[in-house]
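Visitor: Sequence and predicted structure below; questions after.
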Amino acid sequence: MRIRRDVQQVIREGGAAVALESTLITHGLPYPDNLRVAQQMEQAVRDEGAVPATVAVLAGVPTIGIDSVQLEYLAQAKNVRKCSRRDLPIVLATQSDGATTICGTLILAHLAGVRVFATGGLGGVHRGKVFDVSADLDELARTPMIVVCSGPKALLDQEATRERLETLGVPILGYGTDRVPAFYSRESDLAVDLRVESPDEVAGVAMARDKLGLMAAVVVGVPVPVADELPRAQAEEAIRLALHMAEEQAIRGEAVTPFLLPRITELTEGRSLVANRSLLINNARVAARVAHSLALARQRERRPTI
Ligand code: PSU
Ligand code: MN
C-alpha cells in the first residue's frame, strides 16, 4: 500500500491521524459539493493539528492519504467501484479504482496503523430487508478503531442496526447526548451506551478496550450542529417517499444508498445536503480532537511511572 509521507510520519511518532472514507465522495454527495466537503473535512482535521488520511484504492494500489489531485479525480470520476471487504481483492487484482466504504476504510486504515476515523453515517440494517445488512457492521466488530459519526444512516432501520451493534459488541458513545444521533436530526429515541462530554473520555474507553484485547470499534455518535439540523418529521417524510421510489424502481443492494440520497436532497429542497455537509465537517473536527487525546493517553501509558 501507499501511505502519504506526512501520514507515515505521524503514525511512526504516535501522533494524531484521522482516516476519512472515499465512498461519500464518489457515491454519497454530488459534484462539486463532494469535492468541497472532502477538502473541508481534511482542513478541519488540519486546523486541529492532526493529519487527515483520505483512503481509496487507485489503479489497484491501496492509498492511505490521497493527494489533492487524486481527490479531484475521484470527485469527478465515473465508474469507481464502491469497496467493502468483498470488493478489495477485486480492485487490487484488476488494478482498478475503488472508493472505500466505512468497511473498506476500516480495513485499510487499520492495516496502516491509523486509529481514529471520521465519517457521516454508519451502514446497517435496511428497513424491511433483513438480508440487506451493511458489511460496515461486521467490520466494526473486528477492527479496534474509534469511529466518529452521526449515527446510522437515516434511511436504515435504526433500531435493528442498534441491536445488531450490541450483538457484535460495538459500544456507541453519545458525544454530549443521551440518544443515538439520527444523522440529519440530532436525536433518535434510542439510548447510547455511555454519554461522554470530552475527547479524553472517548480515548479512555478505547484504552480500556485495548487492555482487554477486544477487537471491536468504539463508535462515537456526534449530533449534527443545531443550526443545520433537519427536523425529524421532515427527514422521515422524505426518507419514506424516497424508499417508496426505490421500491417501485426495484433498486437493490449497494445501489440503494446512492439512489436514495439525491432523492432525499430533492425532497427536502437541499436541506438534507446542508445537514450532511455540516455533520461531516464537524465530525472530522471532533475526530481530530479524539485522535489527540488517544495519542496522549497512549504516550502516558508507555512512559514508566515514577
Ligand atoms: N452514509 C451517507 N452516505 C454514504 C454512506 C453512508 O450518508 O455514502 C456510505 C458509507 O461509505 C457507508 C456505505 O460505509 O454508504 C454503506 O453502504 P452499504 O449499506 O451498501 O454497505
Ligand atoms: Mn447494503
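Guide: Arrived safely. Numbers count the residues shown, from 1 in each chain. Ligands and ions are numbered 1, 2, ... in the order given.
Visitor: My read is that Arg46 contacts Pro52, right?
Guide: Yes - with contact defined as C-beta atoms under 8 Å, Arg46 and Pro52 form a contacting pair (6.5 Å). All C-beta spots, glycine's among them, are computed from the backbone N, C-alpha and C.
Visitor: Please identify which of the two sits among more neighbours.
Guide: Neighbours per residue (other C-beta atoms under 10 Å) separate Arg46 from Pro52, with Pro52 holding more: 26 against 15.
Visitor: Surely that one is in a helix?
Guide: No - with DSSP: H, G, I helix; E, B strand; the rest coil as the criterion, Pro52 is strand rather than part of a helix.
Visitor: which ones are touching it?
Guide: 17-18, 20, 41-42, 45-46, 65, 284 (C-beta atoms under 8 Å, 6 or more residues apart in numbering).
Visitor: Show me what it is bridged to.
Guide: Beta-bridge pairing for Pro52 (DSSP bridges): Val18.
Visitor: CA atoms of stretch 120-137 as PDB?
Guide: C-alpha atoms of stretch 120-137 as PDB (Å, rounded to 0.1, in the frame of the first residue of the first chain):
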ATOM      1  CA  GLY A 120     -21.100  10.600   8.300                       C
ATOM      2  CA  GLY A 121     -23.500   7.700   8.800                       C
ATOM      3  CA  LEU A 122     -22.900   4.000   9.500                       C
ATOM      4  CA  GLY A 123     -24.200   1.400   7.200                       C
ATOM      5  CA  GLY A 124     -26.600  -1.100   8.900                       C
ATOM      6  CA  VAL A 125     -29.800  -3.000   8.500                       C
ATOM      7  CA  HIS A 126     -32.100  -1.700   5.800                       C
ATOM      8  CA  ARG A 127     -35.800  -1.100   6.500                       C
ATOM      9  CA  GLY A 128     -37.900  -4.100   5.700                       C
ATOM     10  CA  LYS A 129     -34.900  -6.000   4.200                       C
ATOM     11  CA  VAL A 130     -33.400  -8.200   6.900                       C
ATOM     12  CA  PHE A 131     -30.800  -9.600   4.500                       C
ATOM     13  CA  ASP A 132     -29.500  -6.200   3.400                       C
ATOM     14  CA  VAL A 133     -27.100  -5.600   6.200                       C
ATOM     15  CA  SER A 134     -24.100  -3.500   5.500                       C
ATOM     16  CA  ALA A 135     -20.600  -5.000   5.700                       C
ATOM     17  CA  ASP A 136     -19.800  -2.000   7.900                       C
ATOM     18  CA  LEU A 137     -21.300  -3.700  10.900                       C
END
